[in-house]
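[1] return a 3D structure for these sequence lines:
(one chain, ligands or ions: 1)
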Amino acid sequence: MARPHTRPSMRHLAHRDVVRHSSRRVGGEFRCLTWFARNPLFLLTPTVLIVAGVYIGLVPTTVVVLSLALTVTLWGRLHPRTFDRWAAPTLRAAWRRWTSYRGGRWAAVLVDCGLAREDHHTGRVDAPRVMRVRSATRSIDTLHVRITRGQDLTLWTGRNEALADALGAHRVAVTRHRPGVLAVVVERRMPFTLPIPAPAIPTDSETVDLTALDVGDDEYGHPFTLALPGRHVLVAGATGSGKGSLIWAPLRAMGPTIRDGLVRLHVIDLKGGAETRRGAPLFHRHATTPADAIALLTAVRDEMKVRQAHMAEHGLRRLAVSTDMPLDLVLIDELAMLTAYGERGDVREALRLLAEILTQGRACLTSVMGYVQEPSKDVVDVRELFPTRICLGVTASSHVDMVLGDGARERGALADAIPGDLDHAGIGYVIDQRSRLPIRFRAALVTDDEIDELVAACAPPAGQVLHSIATRGEGS
Ligand SMILES: Nc1ncnc2c1ncn2[C@@H]1O[C@H](COP(=O)(O)OP(=O)(O)OP(=O)(O)O)[C@@H](O)[C@H]1O
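    Numbering: from 1, shown residues only. Next up, the predicted model:
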């Protein structure tokens with residue numbers, strides 16, 4: 001068969017180290033055995049069913065199989081949240097492996113994209129094999145692909161757009177996993193086509209759950225929530241990625257607790273107060289200069305020490321939020337201005353105070369929410385001290401693992417591939433604490449009018465506001 005002539009696309013495949021191998025293939029029976037060893041379930045499933053049919057009877061076996069299928073279906077319908085977390089990734093990965101990433105269909109896609117080699121003596125296609133499929137979310141698959149000899153990362157990254165089109169996917173990104181194996185992330189579609197509306201301001205403090213503040217939607221349509229007491233949150237995102245929505249959406253979701261003195265906002269905004277000025281009446285303290293910021297952090301640290309002493313005196317391990325012991329929420333817009341770009345003395349002092357608050361604040365109702373454009377170690381030395389880390393669109397692939405932890409990008413957190421335009425602002429990833437899989441979400445968009453509405457509804461009464469650092473609007 002003169003197959004090379006029927007597939008001219010194969011001919012232009014250039015391999016720098018072309019070595020002539022024998023055109024004789026390993027015997028079919030051994031190839032068959034290897035295949036079954038790699039796909040044990042293919043034999044095991046029918047074998048188990050046949051054995052069960054013989055030993056316990058056809059009807060009971062059918063009943064067991066149907067009940068299992070029914071249980072899985074009911075689980076998915078009745079409790080989608082746990083199903084999406086625990087069952088769907090495995091089931092989806094198995095399904096996709098068999099329908100998209102193996103056999104003739106996969107080989108044909110690679111041949112058409114110039115990523116498979118065809119032996120021109122035998123006509124046999126030598127296609128890179130998919131060793132592992134993960135499907136953490138329904139729109140993202142991550143594959144480990146063993147490349148064929150002579151291929152490299154550059155060849156694949158040069159063909160990723162063709163591969164995306166051939167797979168009918170929105171985007172494909174490729175990185176090196178280990179020698180000879182690439183991690184290929186296939187983003188099948190972009191799930192958020194419209195902005196998510198701002199969360200409604202709850203009517204009163206009783207209806208606010210500070211452990212589940214609704215700040216957007218995840219890609220399954222479930223609320224994307226943030227927990228505050230006992231947690232610190234780091235949000236990284238390039239300029240224009242929508243960090244503002246993750247400042248204001250939580251504040252709207254907790255609105256009445258600010259008004260009622262259950263949450264005190266300590267806001268540091270060293271970009272001249274530009275982002276936060278609009279909400280200043282909500283703030284307990286507002287610092288817009290490095291000196292004010294250090295004074296603010298010192299005051300928060302001192303309050304934390306008072307609480308620690310109170311806890312030690314009364315033998316308490318945790319505190320409950322109350323008007324006597326409100327949640328002190330330190331909100332720092334552009335953390336890098338405090339931790340990297342300032343005067344050396346200020347940076348050192350700010351880092352010292354921040355590290356103290358981050359390491360000791362959680363038990364005594366002191367939480368920090370930090371926002372940063374550039375998440376590298378030089379800029380945010382303290383990033384590991386934030387238990388909740390959120391990555392909006394970033395400009396470099398290395399930033400993803402810096403924020404979300406090693407291997408997050410490879411598991412599908414393609415935050416560097418989020419386009420930096422308005423249609424994609426507010427989209428990002430967070431790692432699910434239990435399954436360790438990335439979850440894609442879109443934060444709710446909060447407009448200036450909605451910030452004004454929040455201020456009108458939830459600014460604490462004037463007497464309750466302590467302007468010990470910078471008076472409202474001062475310097476901002
Ligand atoms: N969640 C969102 N959904 C839709 N659009 C959004 C969302 N968040 C922000 N935007 C839009 O994206 C634009 C940039 O947002 P924003 O100012 O919050 O970015 P940023 O990350 O804070 O940038 P910078 O670091 O430069 O301040 C805004 O004009 C806003 O309209």
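
[2] count residues in the vicinity of residue 150, would you?
    Residue 150 has 15 neighbours, counted by other Cβ atoms under 10 Å. Backbone N, C-alpha and C define where each C-beta goes, glycine included.

[3] please apply the same query to residue 80.
    14.

[4] any idea how far it is from residue 222?
    Per Cβ to Cβ, to the nearest Å, residue 80 is found 8 Å from residue 222.

[5] do residue 179 as well
    Distance, residue 179 to residue 222, by Cβ to Cβ: 39 Å.

[6] likewise for residue 438?
    Applying Cβ to Cβ to residue 438 and residue 222 gives a distance of 15 Å.

[7] more neighbours, those two?
    Using other Cβ under 10 Å as the criterion, residue 438 and residue 222 rank with residue 438 on top: 27 against 14.

[8] from residue 385, how far out is that one?
    Distance check for residue 438 against residue 385: by Cβ to Cβ, it reads 21 Å.

[9] taking the stretch 1-150 of the chain, what residue is nearest to the ligand?
    At 17.7 Å from the ligand, residue 139 is the closest residue in the stretch 1-150 of the chain, using Cβ to the nearest ligand atom.

[10] typed the wrong thing, it's the stretch 151-300 of the chain
    Of all residues in the stretch 151-300 of the chain, residue 244 sits closest to the ligand, at 2.6 Å by Cβ to the nearest ligand atom.

[11] before we move on, what about the chain?
    residue 426 (2.2 Å).

[12] show me what contacts the nearest residue to that residue once chain neighbours are set aside?
    The shortest distance from residue 426 to any non-neighbouring residue, by Cβ to Cβ, 6 or more residues apart in numbering, is to residue 242 (3.6 Å). By Cβ atoms under 8 Å, 6 or more residues apart in numbering, residue 242 lies in contact with 392-393, 425-428, 443, 445.

[13] redo those as CSV? Include distance to residue 310 and neighbour count.
    Formatted as CSV, the contacts of residue 242 follow (distance: Cβ to Cβ, whole Å; neighbours: other Cβ atoms under 10 Å):
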residue, distance to residue 310, neighbour count
392, 37, 29
393, 42, 26
425, 42, 23
426, 39, 27
427, 42, 24
428, 37, 32
443, 35, 32
445, 40, 20
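
[14] of those, closest to residue 417?
    Minimum distance to residue 417 across these is 8.4 Å, recorded for residue 393 (Cβ to Cβ).

[15] what's the neighbour count on the closest residue in space to that closest one that isn't next to it in sequence?
    Spatially, and ignoring its direct neighbours in sequence, residue 393 is nearest to residue 418 (3.6 Å; Cβ to Cβ, 6+ apart). By other Cβ under 10 Å, the residues close to residue 418 number 25.

[16] the one 4 residues further on too?
    As a burial measure, residue 422 scores 11 neighbours (other Cβ under 10 Å).

[17] relative to residue 71, how far out is it?
    Distance of residue 422 to residue 71, given as Cβ to Cβ: 44 Å.

[18] how is this structure carved up into domains?
    What the record gives for the chain is the domain set 33-187, 205-475, from automatic domain parsing.

[19] so what does the helix or strand residue 251 falls within touch, helix or strand wise?
    Here residue 251 sits within helix 243-253, counting by DSSP states H and E. If contacts are counted by 3 or more Cβ pairs under 8 Å, 6 or more residues apart in numbering; DSSP states H and E, helix 243-253 sits against strand 213-218, strand 327-333, strand 366-372, strand 388-392, strand 438-445, helix 448-458.

[20] now for the helix or strand following it, which elements pack on it?
    Next helix or strand after helix 243-253 toward the C-terminus (DSSP H and E): helix 255-259. Here helix 255-259 touches strand 263-269, helix 448-458, going by 3+ Cβ pairs under 8 Å, 6+ apart.

[21] which positions in the host helix or strand of residue 47 come out as buried?
    Here residue 47, judged by DSSP H and E, is contained in helix 40-56. By neighbour count on 16 or more other Cβ atoms under 10 Å, the buried set for helix 40-56 is residue 52.

[22] likewise for stretch 287-296?
    By neighbour count on 16+ other Cβ under 10 Å, the buried set for stretch 287-296 is 287-290, 292-296.

[23] now the residue nearest to residue 227 when sequence neighbours are not counted: phi and psi?
    Among residues not flanking residue 227 along the chain, residue 211 sits closest, at 4.5 Å (Cβ to Cβ, 6+ apart). Main-chain dihedrals, residue 211, degrees, to the nearest 10: phi -90, psi 0.

[24] what sits against the spatially most central residue of the chain?
    Closest to where the C-alpha atoms of the chain average out (Cα atoms, centre = their mean) is residue 429, at 2.2 Å. Applying Cβ under 8 Å, 6+ apart to residue 429 gives the contacts 390-391, 400, 404, 408, 413-415, 438-441.

[25] spatially nearest residue to residue 210 (excluding sequence neighbours)?
    residue 228 (5.0 Å).

[26] quick one: the one you found is in a helix?
    No: with DSSP: H, G, I helix; E, B strand; the rest coil as the criterion, residue 228 is coil rather than part of a helix.

[27] residue 108 - how many residues pack around it?
    When neighbours are defined as other Cβ under 10 Å, residue 108 has 15 of them.

[28] and stretch 271-288, which residues are buried?
    The neighbour-count check on stretch 271-288 (16+ other Cβ under 10 Å) flags 273, 275-276, 279-288 as buried.

[29] dump the buried residues of stretch 287-296 into JSON lines; add distance to the ligand and secondary structure as well.
    What follows is these, written out as JSON lines (distance: Cβ to the nearest ligand atom, whole Å; DSSP: H, G, I helix; E, B strand; the rest coil):
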{"residue": "287", "distance to the ligand": "17", "secondary structure": "strand"}
{"residue": "288", "distance to the ligand": "15", "secondary structure": "coil"}
{"residue": "289", "distance to the ligand": "18", "secondary structure": "coil"}
{"residue": "290", "distance to the ligand": "19", "secondary structure": "helix"}
{"residue": "292", "distance to the ligand": "20", "secondary structure": "helix"}
{"residue": "293", "distance to the ligand": "17", "secondary structure": "helix"}
{"residue": "294", "distance to the ligand": "22", "secondary structure": "helix"}
{"residue": "295", "distance to the ligand": "24", "secondary structure": "helix"}
{"residue": "296", "distance to the ligand": "20", "secondary structure": "helix"}
